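**Q** after the sequence you'll find the predicted model.
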Amino acid sequence: MTKFRAFLDRKDIHPSLHTYFIDAMGSMALGLFASLLIGTIFSTLYKYIGVAILKDLADCATAVTGAALGIAIANALHAPTLVMLCAAAVGYAGNGFGGTFVLGGVEKTVTAGPAGALIAVIVAVELGKMVSKETKIDILVTPIVTILSGVLVAQLTCPLIAWCMYWIGWFINTATVMQPIIMGILVSAAVGVALTLPISSAAICAMIGITGLAGGAATAGCCAQMIGFAVISFRENRFGGVIAQGLGTSMLQMGNIVKNPRIWIPATLASMITGPLSTTVFKLECTGVSAGMGTCGLVGPLGILTAMPDGGTMMWIGIAVICFILPALLSLLFSEILRKIGWIKRGDMKLDI
């Protein structure tokens, strides 16, 4: 056992929930951003601008989603170069494999998507790392082991993963339509909190397949966290903090949240108000991966535009109010109340930027 542990250490293999579900999933979100998400943005711009090259860019970026996921996850696991390149094929398989199910009397083909890629690539990369540079024919052994193991895992697990992800997403999306107020609160708060935690809200939304009104609520929650922290920490971080958090990520505040969890209250309360307003008043919708991005690069609002190409004036007002105005005003109101009672003190949200 000691020798095997030493072997794993030598191969830089450290199995843990943190490695696989925080580091790997966080890097997977970058793979999504570099392929599916940026492709969605190009596609949206094409619809409004009509420049032909934007459609070509969208098609190319979207087509390599699985490969991008594989490379991104492999990079997070510190894979050697050859293993990382092989992970592109495994990511393609995991993202694209699935199954055909009869759902509501209708036959439907569902893929495992990012969740399938995550599982298959983790197994393939760790096995690939084990054999990497252990033989004189490494150029053959490493690709064979990595791709063969990954594709086999994808074939075995992706049908079940696809089934589970579909029904989880179906339940959330359907429940939000049936109970827009309650689910608007729950989805907005939960996804917003996930955005600020050191996990990937975008990857979670993409894996589950959150869309429609639930996607709009998720976007509202993410925007509330990012805009909320950007505004309430302005006195500590000034304009640099507004940009870093408002267009970057509220995850920057995680260290301060650990020190004083109460600083999380204003933005979270704001999300619990903007979420149901999004689902009931403005009826905003958003696509899966974009729903977990908030105002990061304005991806959330662009996702709404993609999901609601004919949304009209009410959609534009909703984007302004739900994504920017209300999160700022509500978070500021709640934070000032907490400052008055001493729960938040000056310097509690200071960032090293």
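**A** Done, it's in.

**Q** so where do the strands sit in the stretch 1-150 of the chain?
**A** Along the stretch 1-150 of the chain, the segments classed as strands by DSSP state E, counting those that start in this stretch run 98-103, 106-111.

**Q** where does Gly311 fall, phi/psi-wise?
**A** When read as degrees, to the nearest 10, the backbone of Gly311 gives phi -70, psi -30.

**Q** go on, Glu134?
**A** For Glu134, the backbone dihedrals (degrees, to the nearest 10) come out as phi -100, psi -10.

**Q** what distance do you get for it to Ala79?
**A** 15 Å (C-beta to C-beta, to the nearest Å). In this view, the C-beta of every residue, glycine as well, is placed from N, C-alpha and C.

**Q** who's more crowded, the two?
**A** With neighbours defined as other C-beta atoms under 10 Å, Glu134 and Ala79 compare such that Ala79 has more, 25 against 13.

**Q** now the more buried one. Nearest residue, chain neighbours left out?
**A** Excluding the flanking residues, the one nearest Ala79 by C-beta to C-beta, 6 or more residues apart in numbering is Val125, at 4.9 Å.

**Q** pull the number of nearby residues for the one you found.
**A** So Val125, with other C-beta under 10 Å, has 30 neighbours.

**Q** doesn't His78 make contact with it?
**A** No. With contact defined as C-beta atoms under 8 Å, Val125 and His78 do not form a contacting pair (9.0 Å).

**Q** now, of the strands of the stretch 1-150 of the chain, which is deepest in the fold?
**A** strand 98-103 (a mean of 14; mean count of other C-beta atoms under 10 Å).

**Q** which residues sit against that one?
**A** 107-113, 116, 158-159, 161-163, 166 (C-beta atoms under 8 Å, 6 or more residues apart in numbering).

**Q** and which of those residues is nearest Arg346?
**A** Nearest to Arg346, judged by C-beta to C-beta, of these is Gly113 at 44.5 Å.

**Q** surely that closest one is in contact with Ala206?
**A** Yes. Between Gly113 and Ala206 there is a contact under C-beta under 8 Å: 6.6 Å.

**Q** who has more neighbours, the two?
**A** When Gly113 and Ala206 are compared for neighbours, Gly113 comes out ahead with 30 against 27, by other C-beta under 10 Å.

**Q** need the contact list for the more buried one.
**A** Counting by C-beta under 8 Å, 6+ apart, Gly113 makes contact with 95, 98, 162, 165, 206-207, 209.

**Q** for those, which one is nearest Ala120?
**A** Distance to Ala120 across the contacts of Gly113 (C-beta to C-beta) is lowest for Asn95, with 8.7 Å.

**Q** what does stretch 147-164 rub up against?
**A** Here stretch 147-164 has contacts from 86-87, 89-90, 93-94, 97-99, 101, 110-113, 115-116, 119-121, 123-125, 127-128, using C-beta under 8 Å, 6+ apart.

**Q** now that stretch: buried residues?
**A** 147, 149-151, 153-154, 157-159, 161-163 (16 or more other C-beta atoms under 10 Å).

**Q** ok now that stretch, how far from the chain's centre?
**A** Taking C-alpha atoms, centre = their mean, to the nearest Å, one finds the center of stretch 147-164 at 21 Å from the center of the full chain.

**Q** just the C-alphas of it, formatted as PDB.
**A** C-alpha atoms of stretch 147-164 as PDB (Å, rounded to 0.1, in the frame of the first residue of the first chain):
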ATOM      1  CA  ILE A 147      -8.400   6.800 -25.100                       C
ATOM      2  CA  LEU A 148      -9.500   3.200 -24.700                       C
ATOM      3  CA  SER A 149     -10.300   3.600 -21.000                       C
ATOM      4  CA  GLY A 150     -12.000   6.900 -21.400                       C
ATOM      5  CA  VAL A 151     -14.200   5.800 -24.300                       C
ATOM      6  CA  LEU A 152     -15.100   2.600 -22.500                       C
ATOM      7  CA  VAL A 153     -16.100   4.500 -19.400                       C
ATOM      8  CA  ALA A 154     -18.100   6.900 -21.500                       C
ATOM      9  CA  GLN A 155     -20.000   4.000 -23.200                       C
ATOM     10  CA  LEU A 156     -20.700   2.400 -19.800                       C
ATOM     11  CA  THR A 157     -21.700   5.500 -17.900                       C
ATOM     12  CA  CYS A 158     -23.100   8.100 -20.300                       C
ATOM     13  CA  PRO A 159     -26.500   6.500 -20.800                       C
ATOM     14  CA  LEU A 160     -27.200   6.600 -17.100                       C
ATOM     15  CA  ILE A 161     -25.700  10.000 -16.700                       C
ATOM     16  CA  ALA A 162     -27.700  11.400 -19.600                       C
ATOM     17  CA  TRP A 163     -30.900   9.900 -18.100                       C
ATOM     18  CA  CYS A 164     -30.200  11.400 -14.600                       C
END
